[in-house]
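Participant: need a structure here:
(one chain, ligands or ions: 2)
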Amino acid sequence: MTTNNNKINADLLKERAKCTFNPKELTHFLDGSEQKTLERKEREKFFLDDPELKSKVPMEYLSHKEKYEENIRKACVIFRKVQELQNEGKAGMENYREILGGQLGSAILPDGNPLTLHYVMFIPTLLGQGTIEQQTEWINKAWNCHIVGTYAQTELGHGTFIRGLETTAVYDPSTEEFILNSPTLTSYKWWPGGLGHSANHAIVVAQLYTQGKCHGIHPFIVELRDKETHMPLKGIIIGEIGCKLGMNGTNNGYLGFKNVRVPRMHMLMKNSQVHPDGTYVKSPSSKLTYGTMVFVRVVLVADATSYMKKAVTIAVRYSAVRHQSQIKTSDPEPQIIDFVTQQYKLFPLIASVFAFHFSANWLWEVYNEVTSELEAGKLRNLPELHAVACCLKAVCTADAALGVEQCRLSCGGHGYMTSSNLPGTYGLVTAMCTYEGENTVLLLQTARFLIKSWQNKEETIHLDTVKYLVQTEDLPFTKSVNWIISAMKQVTARKVELAAKHIDERVKSGKAPEDAWNETSVELVSAADAHGRAFLLQTYASTVESITNVSPQLKTVLIQLQELYSVNTALRYTGDLLRFTSCKGKDIEVLQSWLEQLLNLIRPNAVGIVDGFDVSDEVLSSALGAYDGNVYERLFEEASKSPLNSEPVNKSFHQYLKPFLKSNL
Ligand SMILES: CCCCCCCCCC/C=C\CCCCCCC/C=C/C(=O)SCCNC(=O)CCNC(=O)[C@H](O)C(C)(C)COP(=O)(O)OP(=O)(O)OC[C@H]1O[C@@H](n2cnc3c(N)ncnc32)[C@H](O)[C@@H]1OP(=O)(O)O
Ligand SMILES: Cc1cc2nc3c(=O)[nH]c(=O)nc-3n(C[C@H](O)[C@H](O)[C@H](O)COP(=O)(O)OP(=O)(O)OC[C@H]3O[C@@H](n4cnc5c(N)ncnc54)[C@H](O)[C@@H]3O)c2cc1C
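Facilitator: Ligands and ions are numbered 1, 2, ... in the order given. Okay, the predicted model is just below:
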């Protein structure tokens, strides 16, 4: 998509003129500093200016096969450039976050990157689960892309219940090898990104058998394809799983094993080991095998934020440019952003970008702290990290998927165009609700922790993310963010208490604890969701309160957005507030009118705020969202790229339509 620097849409000029703060200051604040903004822009330029990373034809007009071929071509260019950055000593986490994630990554490869899993799961698993010797052997090869790997855990029959995986790895002490097999159709690996035709290695998660006993699932490094010919190795059955709702460039694959032998040292043995004679040594915690999933859930919260930034930037700019209908018959058609319902659709989404951003930062820091503790053999904080990562991943990806769809709907018919980049963005975001742990399942993991926390009150008081469960009180209503936070905590605590009570009652009435859990699971999911909301609200408030290094103008906007996020959350949970706190119908009316006041306060700054997100036109890739607001020109320009427009009459007219018309004469 080209950028027209000559002419900025008049409505956008007006919007920018009335903005009360400096959007650049917001950009630096979100990036972390002015220097970090410069680095990000330099990085974007480094990738986006490369002619090899531009497509001649829009990707959506390619066939499935062509799409893969174009994607793998670009993916190789991307990773060659990533290596260049590495060689220059610029291998920071931000490079990977952006080039693999929803910001820069999805601009270059809007249908997903077939090599993402190499960096996001293959290398992290080698690092997290391999011994020092295994890391010495594999990390360099992987890091320098001498090999390309993926993470093959999910099977046709099991994705969630990984203890039920069926792939077997049986140890043979006579040759000191594991023999991998796929004993059933449902044991075939199914889904791993890049597995179809890209990766030549995989971390394969399989049931380990040694000395006649099954020890549960463990990770193995398996070579899949010949180094030179790329042909599948003996006993490896491999292919691509076909078209999906989105992400059709990620080359997700299937994989079966027929007596595939790998050396003993191909089992990643940092946590548990198999000795040459077949003796099994248990891990200090069986859940350490699940470590890579925790890592990816943590980075997904930040990634969901990137997609939301893109989608709201598109929808807000378009809403400022688009005129439709009438508010007063005497006036010209207004900008659609002046309809309060439109503001209600979009402004809470702007606010949620900040909520996700602050919680993602918090989660990343805590993840790093707990990982260092794990390295030192201290496991105490892992359950709390797992619980909070599960619920933030679930709540933020679910909200992001709904939010992107809301943005699409808010752009009317033009939002349905591929060239708006909203349908493609939705395809990428909605997948996040399923992969790396289906969201309901993850909320139930958090609920498990909440119930335990409720039952062990003495310990819970020392756990930062849940101590409120045993400390909350029902404060009288005030029109304040503090009241909303305390009320959402109260709602969560009461939901947890009720769910614990109902499980208890069911068990007392003779139900098995597992059945009692399942019968209470609707309440449990709701409690975990409320916990996620309370966490997002609290983190938002603590972060905004602690900000001292921004101008008063920006701080005012940050507070307004925080208030909007809080009030909007409260209004989404009106039923729960009325049920679990002493607030009354008239208090809800106060919240409703506060929401309306906030929409009005944010209205003049809406374009300025999304400008402050600083998503470049190339990264946005949207006819509706570009900085200059030349929406209609861009829609036409994109339509002209349709291959159908390359000739005035398509040959099908003579072949089908004309004979049909004639036959009706
Ligand atoms: C180094 C290079 C730098 C690279 C940088 C990269 C940065 C990139 C950023 C780019 C940004 C974004 C790009 C993202 C692109 C991502 C693409 C990802 C593609 C998708 C991949 C996948 O989907 S992989 C497969 C994922 N699969 C799952 O998630 C499966 C879900 N199921 C499970 O997790 C478990 O089976 C489940 C938890 C549901 C149940 O397990 P089970 O063994 O049955 O356990 P339980 O009996 O229920 O529980 C037992 C106890 O264990 C606790 N527990 C469970 N899981 C964990 C865990 N992970 N950690 C810690 N503890 C855990 C559980 O709570 C129980 O505890 P309790 O005390 O007994 O109650
Ligand atoms: C785009 C994409 C990329 C992926 N990439 C990879 C990859 O690279 N590597 C890899 O190994 N896997 C990958 N996956 C697989 C992914 O991790 C699984 O699809 C996911 O974990 C969900 O498992 P499932 O498909 O078996 O769903 P299921 O578990 O069958 O879920 C179906 C329904 O059952 C419900 N359900 C299941 N269990 C429970 C429970 N205990 N309690 C309540 N409800 C339950 C769910 O809530 C859901 O509503 C990918 C998936 C997608 C969509």
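Participant: what comes up buried for the host helix or strand of P659?
Facilitator: Taking DSSP states H and E as the definition, P659 sits inside helix 658-663. Using 16 or more other Cβ atoms under 10 Å as the test for burial, helix 658-663 gives no buried residues. Every C-beta, even on glycine, is put in place using the N, C-alpha and C of the backbone.
Participant: so who does A401 touch?
Facilitator: Listed by Cβ atoms under 8 Å, 6 or more residues apart in numbering, the contact partners of A401 are 426, 429-430, 432-433.
Participant: which parts of the stretch 101-250 of the chain are helices?
Facilitator: According to DSSP state H, counting those that start in this stretch, the stretch 101-250 of the chain carries its helices in the segments 105-108, 116-117, 123-129, 132-143.
Participant: make a markdown table out of the ones you listed and add mean pLDDT.
Facilitator: Below are the helices of the stretch 101-250 of the chain laid out as a markdown table (pLDDT from 0 to 100):
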| stretch | mean pLDDT |
| --- | --- |
| helix 105-108 | 95 |
| helix 116-117 | 98 |
| helix 123-129 | 97 |
| helix 132-143 | 96 |
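Participant: deepest of these, which one?
Facilitator: Comparing these by mean neighbour count (mean count of other Cβ atoms under 10 Å), helix 116-117 ranks first with a mean of 26.
Participant: that one - contacts with which helices or strands?
Facilitator: On a contact count with 3 or more Cβ pairs under 8 Å, 6 or more residues apart in numbering; DSSP states H and E, helix 116-117 meets strand 149-152.
Participant: cutoff 10 Å now
Facilitator: Under the contact criterion of 3 or more Cβ pairs under 10 Å, 6 or more residues apart in numbering; DSSP states H and E, helix 116-117 touches helix 93-100, strand 149-152.
Participant: for those, which one ends up most surrounded?
Facilitator: Of all the helices and strands packed on helix 116-117, strand 149-152 carries the top mean neighbour count, a mean of 30, counting by mean count of other Cβ under 10 Å.
Participant: who wins for proximity to ligand 2 among the helices of the stretch 101-250 of the chain?
Facilitator: When the helices of the stretch 101-250 of the chain are compared by Cβ to the nearest ligand atom, helix 116-117 sits nearest ligand 2, at 5.1 Å.
Participant: coming back round to it: where among the helices and strands packed on helix 116-117 is the average confidence lowest?
Facilitator: Lowest mean pLDDT within those: helix 93-100, a mean of 87.
Participant: hang on, the earlier thing: wait, which of the contacts of A401 is closest to I132?
Facilitator: Nearest to I132 among the contacts of A401 is M432, at 33.4 Å by Cβ to Cβ.
Participant: and the nearest residue to the closest one once chain neighbours are set aside, what does it touch?
Facilitator: Spatial nearest neighbour of M432, chain neighbours left out: T397 (4.0 Å); criterion: Cβ to Cβ, 6 or more residues apart in numbering. For T397, the contact set (Cβ atoms under 10 Å, 6 or more residues apart in numbering) comprises 297, 300-301, 303-304, 307, 356, 429-437, 439, 442.
Participant: contacts with ligand 1 among those residues, please.
Facilitator: Contacts with ligand 1 within the contacts of T397, counted by Cβ under 6 Å from any ligand atom: 303, 435-437.
Participant: neighbour-wise, which one of the residues you listed leads?
Facilitator: Within the ones next to ligand 1 among the contacts of T397, neighbour counts (other Cβ atoms under 10 Å) peak at D303, which reaches 27 neighbours.
Participant: checking my notes, that residue in a helix, right?
Facilitator: Yes: assessed with DSSP: H, G, I helix; E, B strand; the rest coil, D303 lies in a helix.
Participant: that one contacts R97, correct?
Facilitator: Yes: contact criterion Cβ atoms under 10 Å: D303 and R97 qualify, at 7.7 Å.
Participant: quick one: pLDDT of V353?
Facilitator: pLDDT, V353: 98.
Participant: check which helices and strands the host helix or strand of it sits against.
Facilitator: For V353, the enclosing helix or strand under DSSP H and E is helix 340-375. If contacts are counted by 3+ Cβ pairs under 10 Å, 6+ apart, helix 340-375 sits against helix 23-31, helix 123-129, helix 291-321, helix 382-410, helix 521-546, helix 552-572, helix 585-602, helix 606-613.
Participant: ok, residues contacting the shortest one?
Facilitator: Going back to what we said before, that points to helix 123-129. By Cβ under 10 Å, 6+ apart, the residues outside helix 123-129 that reach it are 96, 117, 134-135, 137-139, 141-143, 149, 151, 153, 201, 203, 205, 218-219, 221, 267-272, 283, 288-296, 299, 371, 374-375.
Participant: now with 6 Å?
Facilitator: The contact list for helix 123-129, computed with Cβ atoms under 6 Å, 6 or more residues apart in numbering, reads 138-139, 142, 203, 219, 268, 270, 291-292, 295.
Participant: report how many residues lie close to the closest residue to E15 other than its chain neighbours.
Facilitator: Leaving out its chain neighbours, the residue that sits closest to E15 by Cβ to Cβ, 6+ apart is V607, at 3.8 Å. V607 has 26 neighbours, counted by other Cβ under 10 Å.
Participant: could you do the one 10 residues further on as well?
Facilitator: D617 is surrounded by 19 other residues when neighbours are defined as other Cβ under 10 Å.
Participant: and for P383?
Facilitator: Neighbour tally, P383, other Cβ under 10 Å: 17.
Participant: could you do T154 as well?
Facilitator: Neighbour count for T154, taken as other Cβ under 10 Å: 18.
Participant: now do the closest residue to it other than its chain neighbours against F660, distance only.
Facilitator: Leaving out its chain neighbours, the residue that sits closest to T154 by Cβ to Cβ, 6+ apart is W191, at 4.5 Å. Distance of W191 to F660, given as Cβ to Cβ, to the nearest Å: 43 Å.
Participant: kindly report the same for G164.
Facilitator: Where F660 is concerned, G164 sits at a distance of 54 Å (Cβ to Cβ).
Participant: next: L577.
Facilitator: From L577 over to F660 the distance is 61 Å, taken as Cβ to Cβ.
Participant: same check, this time on G427
Facilitator: Per Cβ to Cβ, G427 is found 35 Å from F660.
Participant: closest residue of the stretch 51-200 of the chain to ligand 2?
Facilitator: The minimum distance from the stretch 51-200 of the chain to ligand 2, using Cβ to the nearest ligand atom, falls at G159 (2.3 Å).
Participant: give me the neighbour count for that residue.
Facilitator: Number of residues near G159 (other Cβ under 10 Å) recorded here: 18.
Participant: over to the one 4 residues further on?
Facilitator: Using other Cβ under 10 Å, R163 is surrounded by 9 other residues.
Participant: still on that earlier bit, out of the contacts of A401, the closest to L561 would be?
Facilitator: Distance to L561 across these (Cβ to Cβ) is lowest for V429, with 21.1 Å.
Participant: the closest one and A400 touch, don't they?
Facilitator: Yes: taking Cβ atoms under 6 Å as the definition, V429 is a contact partner of A400 at 5.1 Å.
Participant: what touches both of the two?
Facilitator: Applying Cβ under 6 Å, 6+ apart, one finds that V429 and A400 are jointly contacted by Y307.
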